[in-house]
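K.L.:
what's the 3D shape of this:
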Amino acid sequence: MDNASLSTAPLLLTPGEVELAALRRVHAGGVQLALDPAARAGLLAAQATVRKIVDAGEVVYGINTGFGKLAQTIIPHGRLAELQRNLVLSHSAGTGAALPGGVVRLVLATKAVSLARGHSGIAPEIVDALLALHNAGLLPRIPSKGSVGASGDLAPLAHLACVLIGEGEVTTPEGAVIGGAEALSRIGLEPFVLGPKEGLALLNGTQVSTALALAGLFGAEDVFAAGLMAGALSLEAIQGSIKPFDARIHAARGQPGQIAVAAAVRTLLEGSEIVPSHADCGRVQDPYSVRCVPQVMGACLDSLAHAARVLRIEANAASDNPLVFDNGDVISGGNFHAEPVAFAADIIALAVAEIGAISERRMALLLDSGLSGLPAFLVRDGGVNSGFMIAQVTAASLASENKSLAHPASVDSLPTSANQEDHVSMATFAARRLAEMVQNTAVVVGIEAMAAAQGIELKRGSMAPTLGTGVSSLPPEGRPGGGLNSSPLLEAEFAAIRQRVAFIDQDRFIAPDIEAMRQWACRSEWPAALLDILPSRP
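P.N.:
Predicted coordinates:
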């Protein structure tokens, strides 16, 4: 029940100005939402424009016509309410598992923000109802499949709209499933009879693909931070060179993400006793997976930053059709086409795949005794023990799987609606696959961090006792065997890892350790050196 402890101070949504940090909070849950009162005037003005058109008998698409290929069909005044209801019901054609709660919260919030831009002609009470459902933890059950991201996310948003007319299904904070009418009753409302254009305004829009992409972005940021942390730990485990992180190298190129990543790694390593201990070791160059962390992860960071800018705009956008303007014009266009979201999701997918790919290579380096100087497969008594051998196979399989999943979805298109909608974005799938990719990369990065911690401990010459629980095998002050401390930030992370998984002295059932480290990689709290460079952080 992720709405059990909603904060008492609501998060104010000002249409056009909602920031990514606020949307991250919505996704995480535990916050109530309120619409900026200043938005109400625009809502009422647009609604009045639509009423004026209906009263004057003007023919305007989406207000008193059919939809899509049926746009030339004029609907008589007495059937306009029937038109909107039938639109919602007929478009509720989604399939697949229900979207996660965090994504649905984002859909509710961004749909409310979009409608409140004042270009949709919808009653303010409908926006209020969307926020009331969110605040009560009553989340519409929206199937995850069935949208091509072109005329908006039609099918999934229809399942949302169904709840407002007393149909569809809703998940309660307790996890029960109830009908739309009962959900409305719980927030003191009767089912809406949708007025002209209101059903269309609810169905048109990119809010589902945008919400999925935002969730993917937030997850990508988390595993990006975990990947940098794991990479710094691996650098210490192999006693790698810090010269490639020299600020002058990165300033000479000028790529902002690369500069930021190199600075973050330098901060993570600040105060390490291990770094100066091998200054004269004669090592000239490390493999690219270590030496080129700033270049690779910096490119990932720049890609995430670009996607974040696109998604922040889209989360605030008026993306239904037609749009109502304050001079009385109602103009039909194509803001519902989610190509910007599809491109952003594809870019996030590339970054997530590369975060995992370079992490897997560092892990393979750790296991290779000829390159790392560590026992083969990071375990003593090799042969009897296999150590991290098959954990690396798992990481390789997931990194490779992500390569296939990273294929751009936006290059695909199939016509719909009798070729009226002849080019589509596939944004919803592009964004939906990000969740799986993030989890794959979290496993890869988590295994690397676990292997790096093992390598650091082996390098210190300490033999940890065989433990059945995730308890640190090393005392908090000093290290047995004359081992050296890493930096304060990395020692703190080493301790956090050891709270989750124990040193591997001999082979054991390792799957729970991998799951514990997946959770480690998925967390949102990291040192400021990492959080400060993430696009969605305040």
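K.L.:
what's near enough to touch W520?
P.N.:
Contacts here follow Cβ atoms under 8 Å, 6 or more residues apart in numbering; on that basis W520 touches 226, 446, 449, 496-497, 500. Quick note: C-beta positions are derived from backbone N, CA and C, even for glycine.
K.L.:
and A215, how many neighbours does it have?
P.N.:
24 (other Cβ atoms under 10 Å).
K.L.:
what's the average pLDDT for stretch 412-425?
P.N.:
In this model, stretch 412-425 carries a mean pLDDT of 74.
K.L.:
Just the CA trace of that stretch, in CSV.
P.N.:
Below are the C-alpha coordinates for stretch 412-425, written out as CSV (Å, rounded to 0.1, in the frame of the first residue of the first chain):
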residue,chain,number,x,y,z
ASP,A,412,8.4,1.0,-36.8
SER,A,413,5.0,2.0,-38.0
LEU,A,414,1.8,0.3,-39.0
PRO,A,415,-1.2,2.3,-40.4
THR,A,416,-4.5,2.3,-38.4
SER,A,417,-8.0,3.6,-38.7
ALA,A,418,-8.4,2.8,-42.4
ASN,A,419,-5.1,4.6,-43.3
GLN,A,420,-6.3,7.9,-41.8
GLU,A,421,-3.6,7.4,-39.1
ASP,A,422,-1.0,6.2,-41.6
HIS,A,423,2.1,6.9,-39.5
VAL,A,424,2.4,6.0,-35.9
SER,A,425,5.1,6.4,-33.3
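K.L.:
Need the residues that contact that stretch.
P.N.:
68-69, 71, 148-151, 209, 337-339, 341-342, 410, 426.
K.L.:
Okay, buried residues for it please.
P.N.:
416-417, 421, 424-425 (16 or more other Cβ atoms under 10 Å).
K.L.:
show me where pLDDT drops low in the protein?
P.N.:
By pLDDT under 70, the weakly predicted segments of the chain are 1-7, 68-69, 280-284, 417-420, 462-482, 538.
K.L.:
quick one on the thing from earlier: from the contacts of stretch 412-425, pick the one nearest L33.
P.N.:
Comparing the contacts of stretch 412-425 against L33 with Cβ to Cβ places S209 closest, at 20.6 Å.
K.L.:
What's the local residue count around that closest one?
P.N.:
32.
K.L.:
Just the element for it, please.
P.N.:
helix 207-237 (DSSP states H and E).
K.L.:
Which neighbouring elements make contact with whatever helix or strand comes next after that helix?
P.N.:
Where DSSP H and E defines the elements, the next helix or strand beyond helix 207-237 is helix 247-253. Using 3 or more Cβ pairs under 8 Å, 6 or more residues apart in numbering; DSSP states H and E, the elements in contact with helix 247-253 are helix 256-269, helix 293-315.
K.L.:
Out of those helices, which gets nearest to L489?
P.N.:
Per Cβ to Cβ, nearest to L489 of those: helix 256-269, 5.2 Å.
K.L.:
Can you spell out which helices and strands pack onto the closest one?
P.N.:
Using 3+ Cβ pairs under 8 Å, 6+ apart: helix 256-269 touches helix 207-237, helix 247-253, helix 293-315, helix 488-500, helix 528-531.
K.L.:
circling back: quick one: the helix holding S209 to helix 256-269, angle?
P.N.:
50 degrees (axes from the mean of the first three to the mean of the last three Cα atoms, to 10 degrees).
K.L.:
Show me how far helix 207-237 is from its chain's centre.
P.N.:
9 Å (Cα atoms, centre = their mean, to the nearest Å).
K.L.:
Residue numbering should commence at 17 henceforth.
P.N.:
New numbering, starting at 17: the last item is helix 223-253.
K.L.:
Give me the subset of the contacts of stretch 428-441 lying in helices.
P.N.:
225, 355, 357-358 (DSSP state H).
K.L.:
Now render the residues you listed as TSV, adding distance to A125.
P.N.:
Output for the ones in helices among the contacts of stretch 428-441, formatted as TSV (distance: Cβ to Cβ, whole Å):
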residue	distance to A125
S225	15
E355	22
V357	16
A358	21
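K.L.:
Pull the most distant pair out of the residues you listed.
P.N.:
Longest span within those, Cβ to Cβ: S225 and E355, 10.3 Å.
K.L.:
which residues are in contact with both of those two?
P.N.:
441, 443.
K.L.:
Buried residues in the helix holding S225, which are they?
P.N.:
So, applying 16+ other Cβ under 10 Å, buried residues of helix 223-253: 223-253.
K.L.:
How about stretch 262-282?
P.N.:
266, 271, 273-282.
K.L.:
ok, the residue lying closest to T283 once chain neighbours are set aside - how many residues close by?
P.N.:
Nearest residue to T283, sequence neighbours excluded (Cβ to Cβ, 6 or more residues apart in numbering): A545, at 3.9 Å. A545 is flanked by 20 other residues according to other Cβ under 10 Å.
K.L.:
I'd assumed L284 was in contact with A545.
P.N.:
Yes: using Cβ atoms under 8 Å, A545 is in contact with L284, at 6.0 Å.
K.L.:
Report the set of residues contacting both of the two.
P.N.:
L505.
K.L.:
V239 and A253, how far apart?
P.N.:
20 Å (Cβ to Cβ, to the nearest Å).
K.L.:
repeat for I138
P.N.:
57 Å.
K.L.:
Only the buried residues of stretch 440-450, if you could.
P.N.:
440-450.
K.L.:
Tabulate these (JSON lines), appending distance to P26 and secondary structure.
P.N.:
Formatted as JSON lines, the buried residues of stretch 440-450 follow (distance: Cβ to Cβ, whole Å; DSSP: H, G, I helix; E, B strand; the rest coil):
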{"residue": "V440", "distance to P26": "37", "secondary structure": "coil"}
{"residue": "S441", "distance to P26": "33", "secondary structure": "coil"}
{"residue": "M442", "distance to P26": "35", "secondary structure": "coil"}
{"residue": "A443", "distance to P26": "30", "secondary structure": "helix"}
{"residue": "T444", "distance to P26": "29", "secondary structure": "helix"}
{"residue": "F445", "distance to P26": "33", "secondary structure": "helix"}
{"residue": "A446", "distance to P26": "32", "secondary structure": "helix"}
{"residue": "A447", "distance to P26": "27", "secondary structure": "helix"}
{"residue": "R448", "distance to P26": "29", "secondary structure": "helix"}
{"residue": "R449", "distance to P26": "33", "secondary structure": "helix"}
{"residue": "L450", "distance to P26": "29", "secondary structure": "helix"}
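K.L.:
Now H294. Nearest residue, chain neighbours left out?
P.N.:
Q255 (4.5 Å).
K.L.:
count of residues packed around that neighbour?
P.N.:
20.
K.L.:
thought it was touching K475?
P.N.:
Yes: the pair Q255 and K475 qualifies as a contact (Cβ under 8 Å) at a distance of 7.2 Å.
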